[in-house]
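Engineer: Just to be clear, the model below is a prediction. Sequence and coordinates:
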Amino acid sequence: MLEQMARRLRTQPLGQRSAGSIFRNPSSMGVSAAELIEKAGLKGLRVGEAMVSNKHANFFINCGCATSQDMLELIGFVNDAVNQKFGVELKEEILYIHPS
């Protein structure tokens, strides 16, 4: 368990405010969503105060005062860029909560 936690600390932006892992890994490609995002050159990409993590490309972080609109635009941009470059439409694994 300690080994697993140490690995997560090395590979994920656990000390930053993030929306967590955004996209599911494509099942038929043998490559992770993070690898596709990174190979598309999107690490560090920002929309407003939302940013693709430099540590793990499938984690989107809040650099200050990111709005939900910032995150939604970043998610859409990344998905479009990966789709254009690799022909893969990433599926989101996050849940959206809408005020009632």
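Structural biologist: Right, received. Where do you want to start? Numbers count the residues shown, from 1 in each chain.

Engineer: Going by neighbour count, list what's buried in the helix ranked longest in the chain.
Structural biologist: Assignment by DSSP state H gives helix 68-86 as the longest helix of the chain. By neighbour count on 16 or more other CB atoms under 10 Å, the buried set for helix 68-86 is D70, M71, L74, I75, V78, N79, A81, V82. All C-beta spots, glycine's among them, are computed from the backbone N, C-alpha and C.

Engineer: Of those, which is the nearest to H98?
Structural biologist: The closest of the buried residues of helix 68-86 to H98 turns out to be M71 (CB to CB; 13.9 Å).

Engineer: gap between F59 and S28?
Structural biologist: To S28, F59 is 23 Å away according to CB to CB, to the nearest Å.

Engineer: Alpha carbons of stretch 93-100, as CSV, please.
Structural biologist: The C-alpha coordinates for stretch 93-100 follow below in CSV (Å, rounded to 0.1, in the frame of the first residue of the first chain):
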residue,chain,number,x,y,z
GLU,A,93,-15.1,9.7,-16.6
ILE,A,94,-16.0,12.7,-14.4
LEU,A,95,-19.5,13.4,-13.1
TYR,A,96,-21.2,16.7,-13.5
ILE,A,97,-23.2,18.2,-10.7
HIS,A,98,-25.8,20.8,-11.8
PRO,A,99,-27.4,23.1,-9.2
SER,A,100,-31.1,22.4,-8.8
